[in-house]
Structure formats: C-alpha cells, structure tokens
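Enquirer: Below is the sequence, then the predicted model.
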Protein chains: 2
Amino acid sequence: MSHEFMNNKIDVFISSQSFQEEELRDKTAVVVDVLRASSTMITALHNRAKGVIPVADMGDASKISQNLDSPHYLLCGEKDGVKIEGYDLGNSPLDYDGEKVEDKTIILNTTNGTKAIKRAGLADRVLIGSFLNLRTLITDLEKVETDIVLVCAGWKGRLALEDLLCAGNIIYELTDGILPHNVQDGAKVAFGLYEKFGDDIEQAVKTSNYAVRLKDLVSEEDIAYCCQRNKMQVLPVMKEGIISDFYGKEK
Amino acid sequence: MSHEFMNNKIDVFISSQSFQEEELRDKTAVVVDVLRASSTMITALHNRAKGVIPVADMGDASKISQNLDSPHYLLCGEKDGVKIEGYDLGNSPLDYDGEKVEDKTIILNTTNGTKAIKRAGLADRVLIGSFLNLRTLITDLEKVETDIVLVCAGWKGRLALEDLLCAGNIIYELTDGILPHNVQDGAKVAFGLYEKFGDDIEQAVKTSNYAVRLKDLVSEEDIAYCCQRNKMQVLPVMKEGIISDFYGKEK
C-alpha cells in the first residue's frame, strides 16, 4: 500500500465507549477483541460454523434463540471471563471445534467484544480482526477506499494492551512499517506500542492486564492460541446482524 | 527509582472520561494537558500567580468570580480552542506573563484540562504535569509511595497524542528507560509511544490531531513553547480546589 493512501485514513478507538456510533458512518470498521471474542468467532467460522450473531446481553441472546430451531444454534458466551450458566459454550476459542460448531449458528454474548461490534453497526462495513486472520484482513484492507477505523474492544471502557497491539500490527503491515506523520493520533499510539512489543506478542499479552486479571479463568493455552499470527484465512464480515466468512462460499 | 517500586504502581488514563472518579482514591494523580491547560497553569505559577482555580464551565467560573474582588483575579480560558468572550485571558501560556498574572488568582475554564482536574478530585493528591515542569515532577514522583495515575486530558473523550507522549516521558524517566513487564497496560502504551516519538517531541506534537484541528487558532509559538522540557521548577498541587506551586513559598 502506498503511504499516500494512509494519510489521515486510519484511526484507532481504544474501547467501545471511546467513540460515538456516528463517527463510523461511511467507514470500514474492524473490531478487535483478541482475548477472546474475535479469536473465538474466527475459529468458529474457520471450523465451518454457519454464522455468528453477536448480542450485547443475555436478554438479546435469549430473544434471538427463541426464533431459531434448537438443533441449528448454539448459545455461547461469557460474562467477566466466565462461561454463562446454561450456555452451550463459553468464550474459549479452543472449544469451537468442527464437531461442535459445523453448520451451527453461534449466538455470542461477551463482556466487551460483542458490545463493540454492536456499536460499530453504523459503519459502511464491519469486519472482525485478530492475530489469527491478520494476513487475510490486511489483504482486504489494502483494497479499501473508505477511511478505516480499528475498533478495539478494550475492557469495560479501558484500553486493553492485546487489542491495541493487534491494531498496531495491522497498521504496521498496512504502512510497510513506516508510519506517515499525518495519520490520526490513535494510529500513532497503536503503532508505537507494536514497535515496542511486536517482537514477542505472546510474552506481551501474557503480562497484559487481561491475562493477569483473569489468570484463574483464562488458560495459558487460550492466550498462546490467540497470539498466533496468520493461522486462518477467514474474513468475518457482518451483514444484517450476522457475521459470516467472506471466503466461506469459496471453500 | 528501583524497578521494583514501579511494579503495578503506575497507570495512565487517556482522557477524563476513561475512568471512574473512585478509581483514583488513595492514589497520586498527575493531570496532563500539554496543549494547553497544564502548560498555561505552570507558566502562570512560574510568573508568580497566587493560584489557579480550575472550573468545569462558564457557570462555575462566573459563580466563583462573584465571590472575589475584581483586582485580585483574572477570568481565563477557552472553549474549543478559542478565548471566551469577555474573559481577561485565553489559553495561550504566552499570555500569562508576570506583568499580567503576578499575585492574581487565575480562574481557568478549558475544554478538556480543567474537566480532567475536577474529575481527579478524589485522588489522595492532585498534581499538574507538562513537559515544562517534567524534571520537577519526576523528582517528586520518585518519592511517592502511593500508586500513581497519569490522567491525560485528551480531547472530548478521545486520546490526544501530546498528552500520552508526556505521560510516556514521565514513565520513561521514572523507570530509567526500562519498563518492567508488569506495569499496567496504559503505562505500556504511553511508554511505547514515547519510545517511538520521544526523539523529536515538537515535530510529533506539530502533527498531532490537536495541532492540525486547531491550526488556525493555536500558534506555532504556543506549540513550540509547550514542547520545551524542564523549563520551570514549578510543582502545581491542588488543595481545596485551588492549585498553587508547592515550591512557591521557597522562592
């Protein structure tokens, strides 16, 4: 991508509470929730789930599930890092294997990630990003002509290192590692973080607030898994409230 | 400062809207609004203003001024970067020379900075930081035994590069340039930004969103002035709603 393209064209919001929905209008939004909603959705779609419906709370999850035949969906998600009682699956991407998710619609309810996706609804196009599908995402973003906003899920309105680090990685790839002077402040911040910690993403994420705060709830396997780059050629795109893989039909 | 001291002891909030006031209880808060409230307050105190009363809006400013004799105070501030009509001074630090401010109480009303100060009120101690008083501030923080939170003013809830850069500079100095693994995410983000842009602060701040957004309102002299490091031995401390220089009495 030429650096000219990037001028003022890319920004980063640190949490779902740090922007007005209106600010995304006519833009391409990429929602990033590395630990673990994005990674979980990408894994589910990679393992041939039919689609993911992100919901903002248990009430919405329950309402949507009532309109679907039970063999066709799974009720999934976490609250404050813990699987919700009575749900089929939690928020560990390792649970979303082909045997469980193939051809199912996943109704997903999480503390921060799905709220960020809901708030990104006014964007021209909403994609889901994580380290797992980084290369696939970059290939798509290189062709985008609108402004791009990377929407980090964060943690209850605060920034989360792993999300900003992933946003920084995306910007680093898009700019060939040379950040133009006149991109937005948020992009500069994410880029600087990536330059500092990009050499060992897993180590950085292991010592993030999220990993430390939820160390009894989130396995080291989950963290190691979510820090893998370019593992899956999946491009989750939201259409009419349902996220599916752009490449799904080609498979 | 030993690195042990820093473990988990320092965090950064990116804007006055990114924390709950309660989160500052028992901590030392440093409010940073490089462009331009912090720099202006420090300049005013350096030029022997008696004190600065930060107010959140024009209503508060007017109420407080009614209780003071007019020869003893100046009504100062800006809204969206512009001096407020009828006020004595705006928000350019260059206006706060000794002739104008000596022995006066400054009632200061700004878009982001004074709101951040008001929201920091529950902290054990509230200090004001900028590049201008960096060394003086560091010397104080090195002795602090509570947790330290650097509260960036930001811009209407969004992050502002110049404030995070200053926060990163403070952390860099406090950690002798070697960030421990287990500080808070916000501290890592600010540190990474400083490592990226710390070599030429003025250049980085010139291309910040603030400078670009307000380029017709904020002079290059203001920006160059606010990016100077260690120019003034001033430590603004808030007590009962009034900010004064901790070293003022020694002068």
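Expert: Happy to help now that I have it. Predicted model only: the values in this text are computed from it and were never measured.

Enquirer: now the end-to-end length of stretch A:129-149.
Expert: Taking C-alpha to C-alpha, to the nearest Å, stretch A:129-149 runs 12 Å from one end to the other.

Enquirer: Please, which helix or strand holds the closest residue to residue A:236 other than its chain neighbours?
Expert: The shortest distance from residue A:236 to any non-neighbouring residue, by C-beta to C-beta, 6 or more residues apart in numbering or on different chains, is to residue A:128 (3.8 Å). All C-beta spots, glycine's among them, are computed from the backbone N, C-alpha and C. Using DSSP states H and E, residue A:128 sits in strand A:125-129.

Enquirer: contacts for that strand?
Expert: Applying C-beta atoms under 8 Å, 6 or more residues apart in numbering or on different chains, the external contacts of strand A:125-129 come out as A:28-32, A:38, A:41-42, A:117, A:120, A:137, A:140, A:146, A:150, A:166, A:170, A:235-238, A:243.

Enquirer: hang on, the earlier thing: tell me the pLDDT at the residue nearest to residue A:236?
Expert: Reported pLDDT at residue A:128 in the predicted model: 98.

Enquirer: Can you tell me how far it is from residue A:52?
Expert: Distance, residue A:128 to residue A:52, using C-beta to C-beta, to the nearest Å: 8 Å.

Enquirer: what do these two both touch?
Expert: Counting by C-beta under 8 Å, 6+ apart, the contacts common to residue A:128 and residue A:52 are A:41, A:236, A:243.

Enquirer: Nearest to chain B among these?
Expert: residue A:41 (22.7 Å; C-beta to the nearest C-beta).

Enquirer: and the residue lying closest to that closest one once chain neighbours are set aside, helix, strand or coil?
Expert: Leaving aside its sequence neighbours, residue A:41 sits nearest to residue A:52 (C-beta to C-beta, 6+ apart; 4.9 Å). Three-state assignment for residue A:52 (DSSP: H, G, I helix; E, B strand; the rest coil): strand.

Enquirer: contacting residues around residue A:52?
Expert: So residue A:52 contacts A:41, A:44-45, A:105-106, A:108, A:236, A:242-244 (C-beta under 8 Å, 6+ apart).

Enquirer: try it again with 10 Å
Expert: A:37, A:40-42, A:44-45, A:74, A:76, A:96, A:101, A:104-108, A:114, A:117, A:128, A:236, A:238, A:242-245 (C-beta atoms under 10 Å, 6 or more residues apart in numbering or on different chains).

Enquirer: Quick one: the helices in the stretch 101-250 of chain A, in order.
Expert: Secondary structure of the stretch 101-250 of chain A (DSSP state H, counting those that start in this stretch): helices located at A:113-119, A:134-141, A:161-174, A:185-197, A:201-206, A:209-213, A:220-226.

Enquirer: of all these, which lies closest to residue B:156?
Expert: helix A:185-197 (12.6 Å; C-beta to C-beta).

Enquirer: between that closest one and helix B:185-197, how many degrees?
Expert: For helix A:185-197 against helix B:185-197, the angle by axes from the mean of the first three to the mean of the last three C-alpha atoms, to 10 degrees is 90 degrees.

Enquirer: How many residues are close by residue A:212?
Expert: Residue A:212 has 13 neighbouring residues, counting by other C-beta atoms under 10 Å in any protein chain shown.

Enquirer: now that we're looking at it, how far away is chain B from it?
Expert: 7 Å (C-beta to the nearest C-beta, to the nearest Å).

Enquirer: Residue A:171 too?
Expert: 12 Å.

Enquirer: if I read this right, that residue contacts residue A:187, doesn't it?
Expert: Yes: Residue A:171 lies in contact with residue A:187 (C-beta atoms under 10 Å); the separation is 5.4 Å.

Enquirer: shared neighbours of these two, anything?
Expert: The contact sets of residue A:171 and residue A:187 overlap at A:6, A:10-12, A:148, A:150, A:179 (C-beta under 10 Å, 6+ apart).

Enquirer: would you list those residues in CSV and tack on distance to residue B:83, neighbour count and pLDDT?
Expert: Written out in CSV, the entries for the shared contacts of residue A:171 and residue A:187 read as follows (distance: C-beta to C-beta, whole Å; neighbours: other C-beta atoms under 10 Å in any protein chain shown; pLDDT from 0 to 100):
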residue, distance to residue B:83, neighbour count, pLDDT
A:6, 35, 20, 57
A:10, 33, 29, 94
A:11, 29, 24, 95
A:12, 32, 30, 97
A:148, 36, 23, 96
A:150, 36, 27, 98
A:179, 34, 24, 92
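
Enquirer: For residue A:241, which non-adjacent residue is spatially closest?
Expert: Using C-beta to C-beta, 6+ apart, the nearest residue to residue A:241 is residue A:53, at 6.3 Å.

Enquirer: Who are the contact partners of that neighbour?
Expert: With contact set as C-beta under 10 Å, 6+ apart, residue A:53 has these partners: A:60-61, A:64-65, A:68, A:73, A:76, A:105-109, A:114, A:238, A:241-243.
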